[in-house]
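Asker: got a predicted model here, sequence first, then my questions.
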Amino acid sequence: DGGITQSPKYLFRKEGQNVTLSCEQNLNHDAMYWYRQDPGQGLRLIYYSQIVNDFQKGDIAEGYSVSREKKESFPLTVTSAQKNPTAFYLCASSSLGTGWYEQYFGPGTRLTVT
Amino acid sequence: AQSVTQPDIHITVSEGASLELRCNYSYGATPYLFWYVQSPGQGLQLLLKYFSGDTLVQGIKGFEAEFKRSQSSFNLRKPSVHWSDAAEYFCAVGLTNFGNEKLTFGTGTRLTIIP
């Protein structure tokens, strides 16, 4: 089955630790995205990548880093510099063939930092 | 600047009743418009999309939406809701920014269904 996988579903970390969230897709999509979701705020774009080895900052990139070494993978690192990292993180992908905007989402990772 | 407004934070409807969720956008050109649905603790699923052409678009699960340029709106409708429609619904607008396309999402409308 084609789709987007995010692991783990729940993640717990202590303050001051970096943590990496995994996102893998087997849809052969060119573009991948990371969003953060907080209650009442909708989705906010963290980073996105349209081709391998290239990525752009979204609206709230501070305290986050990404890499895109393979087309299928777009891991997100939440660094200790992120002031309020507890949130629900969603990964998405899209293809030029169906239009960049038509994004398909993974099931999400809920990160709790204490 | 591009923006999307969903004026209703929470809507409650009875099972079998009709539904309309509102979405207004602010964008200089004809936008690409989307509705997504999210069940609790899950990712988002695309319900329907509007790129051009017929302003009434049909989606999955019996939903439809109508693009009204004069009102800058893209409201989501369903003639008869089912208990399984309880979820959060997000309207989104596609933005082209120097060749980098991305979506801007509204803050969502939470739908509760009562028996």
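Answerer: Sure thing, it's come through.
Asker: going by C-alpha atoms from here, please, whenever you check contacts or count neighbours.
Answerer: Will do.
Asker: residues in contact with residue B:91?
Answerer: When contacts are counted by C-alpha atoms under 8 Å, 6 or more residues apart in numbering or on different chains, residue B:91 is found next to B:4, B:6, B:23, B:33, B:34, B:35, B:36, B:105, B:106, B:108.
Asker: output the residues you listed as CSV; include the columns secondary structure.
Answerer: As requested, those are arranged in CSV below (DSSP: H, G, I helix; E, B strand; the rest coil):
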residue, secondary structure
B:4, strand
B:6, coil
B:23, coil
B:33, strand
B:34, strand
B:35, strand
B:36, strand
B:105, strand
B:106, coil
B:108, coil
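Asker: quick check: the farthest pair among the residues you listed?
Answerer: Farthest-apart pair in the contacts of residue B:91 is B:33 and B:108; separation 14.4 Å (C-alpha to C-alpha).
Asker: which of these two has more neighbours?
Answerer: residue B:108 (28 against 25; other C-alpha atoms under 10 Å in any protein chain shown).
Asker: before we move on, the earlier item: I'd like to know which of the contacts of residue B:91 is nearest to residue A:49.
Answerer: Residue A:49 has its nearest neighbour among the contacts of residue B:91 in residue B:105, at 18.3 Å by C-alpha to C-alpha.
Asker: for residue B:17, see how far away that closest one is.
Answerer: For residue B:105, the distance to residue B:17 (C-alpha to C-alpha, to the nearest Å) stands at 27 Å.
Asker: around chain B, pick out the residues from chain A.
Answerer: A:40-44, A:90, A:100-101, A:103-108 (C-alpha under 8 Å from any C-alpha of the partner chain).
Asker: would you reformat those as TSV and include neighbour count?
Answerer: Output for these, formatted as TSV (neighbours: other C-alpha atoms under 10 Å in any protein chain shown):
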residue	neighbour count
A:40	12
A:41	12
A:42	20
A:43	23
A:44	22
A:90	26
A:100	21
A:101	25
A:103	23
A:104	22
A:105	25
A:106	22
A:107	23
A:108	29
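Asker: can you redo these as a markdown table with secondary structure and pLDDT?
Answerer: Putting these into a markdown table (DSSP: H, G, I helix; E, B strand; the rest coil; pLDDT from 0 to 100) gives the following:
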| residue | secondary structure | pLDDT |
| --- | --- | --- |
| A:40 | coil | 79 |
| A:41 | coil | 82 |
| A:42 | coil | 86 |
| A:43 | strand | 93 |
| A:44 | strand | 94 |
| A:90 | strand | 97 |
| A:100 | strand | 67 |
| A:101 | strand | 74 |
| A:103 | strand | 90 |
| A:104 | strand | 91 |
| A:105 | strand | 95 |
| A:106 | coil | 96 |
| A:107 | coil | 95 |
| A:108 | coil | 95 |
